[in-house]
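Engineer: my questions are about this predicted structure, shown below with the sequence.
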Amino acid sequence: MIRVILNGCNGKMGRVLAKLINEEKSMEVVAGIDREIDKFDNTFPVYSNIFSCLEKGDVLIDFSHPSSIRNTLAFCVETKTPMVTATTGLSGEEMTLFVEASKSIPVFQSSNMAVGVNVIIDLAAQAANALGNTFDIEIIEKHHNKKVDSPSGTAFMIANALNETFEQKKEYIYGRHGNEDQRTENHIGIHAVRGGTIVGEHTVIFAGPDEIIEIKHTALSKDIFALGAIRAAKFITGQKNGYYNMKDLIK
Ligand SMILES: NC(=O)C1=CN([C@@H]2O[C@H](COP(=O)(O)OP(=O)(O)OC[C@H]3O[C@@H](n4cnc5c(N)ncnc54)[C@H](OP(=O)(O)O)[C@@H]3O)[C@@H](O)[C@H]2O)C=CC1
Ligand SMILES: O=C(O)C1=N[C@H](C(=O)O)C[C@H](O)C1
């Protein structure tokens, strides 16, 4: 039985994960961490301070907020608990903390745990490689009105993968407004739409002379992210210390 500690257990994703882990034969949630501990009638103990957690986990799954990342990593390193993290909106400094921690524990990180998104990233990189600078690239992402960070972690993941294909790196332009950001071939435009209960949509537009290619992924439920994280958690419990992502899982 894989014992899971859930960081952000009372959030939207935390609750979907708890339900889906409950349906798994080989996994159980042994503890949860969140800011408010009495928000729901959880079937496992919930702590507001991760260092108060009494249960031993085989893996920690994190869908929370950047403000919790330092303590969560410190806890995982201290208790030698492998960590799967899906939290987005991290600073460059916070990202390097994961790489540092991965010298002591296995760390799995992805801004999007859905298999399909990782397929469209490869397709878009292939298109960017073939089209070079002749087509302009714009990324549009749409999410629900409760999302904290903009643009999405996935939009950055896509833009970074596309930029890797160019010798001269392109500059990211966010949601143009006014006269300052007129397009040049050196731009990747990134635009965030927020509304209602949109689960998650990412479209990469390649706009060329008289032709347009669009590569799009639509998430229809939050289950796909939770199932990806469950798969990552099963994968990482058997791994050596190191930094892993979806490429290691779906290769
Ligand atoms: N990689 C992926 O596939 C996916 C990633 N995500 C990312 O996962 C994260 C969570 O998403 P979602 O569940 O929708 O967000 P929610 O805001 O619904 O949930 C986050 C939870 O974490 C809690 N929290 C905030 N700060 C802390 C802290 N310092 N310590 C412990 N808990 C804390 C929040 O409490 P409170 O409500 O009090 O603020 C909340 O209960 C986001 O970064 C989101 O972008 C989401 C879906 C898919
Ligand atoms: O906050 C969300 O909901 C999501 N966040 C992730 C992101 O920022 O890319 C992944 C997914 O699109 C849902």
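Structural biologist: Structure received. Ligands and ions are numbered 1, 2, ... in the order given.
Engineer: how much space between the residue in the stretch 1-150 of the chain positioned nearest to ligand 2 and residue 65?
Structural biologist: Distances between the stretch 1-150 of the chain and ligand 2 by Cβ to the nearest ligand atom are smallest at residue 88, namely 3.7 Å. For the C-beta atoms, the positions are set from N, CA and C on the backbone; glycine is no exception. Look at residue 88 and residue 65: by Cβ to Cβ, to the nearest Å, they are 10 Å apart.
Engineer: which one's more surrounded, those two?
Structural biologist: Applying other Cβ atoms under 10 Å to residue 88 and residue 65 shows that residue 88 carries more neighbours, namely 22 against 17.
Engineer: check contacts around the residue of the stretch 1-150 of the chain closest to ligand 2.
Structural biologist: With Cβ atoms under 8 Å, 6 or more residues apart in numbering as the criterion, the residues that contact residue 88 are 111, 149, 152, 153, 154.
Engineer: that one belongs to a helix?
Structural biologist: No: note on residue 88: no helix contains this position according to DSSP: H, G, I helix; E, B strand; the rest coil, which reports coil.
Engineer: for it, which non-adjacent residue is spatially closest?
Structural biologist: residue 153 (2.9 Å; Cβ to Cβ, 6 or more residues apart in numbering).
Engineer: so the one you found touches residue 112, yeah?
Structural biologist: Yes: with contacts defined as Cβ atoms under 8 Å, residue 153 counts as touching residue 112 at a distance of 6.9 Å.
Engineer: what about these two, which has more around it?
Structural biologist: Neighbours were tallied for residue 153 and for residue 112 using other Cβ under 10 Å; the higher tally belongs to residue 112 (26 against 18).
Engineer: outside of stretch 148-168 itself, list whatever touches it.
Structural biologist: Residues from elsewhere that reach stretch 148-168 (Cβ under 8 Å, 6+ apart): 65, 88-90, 110-112, 117, 120-122, 124-125, 128-129, 132-133, 137, 139, 141, 143, 169-170, 172, 174, 186, 188, 190-192, 194, 200, 202, 204.
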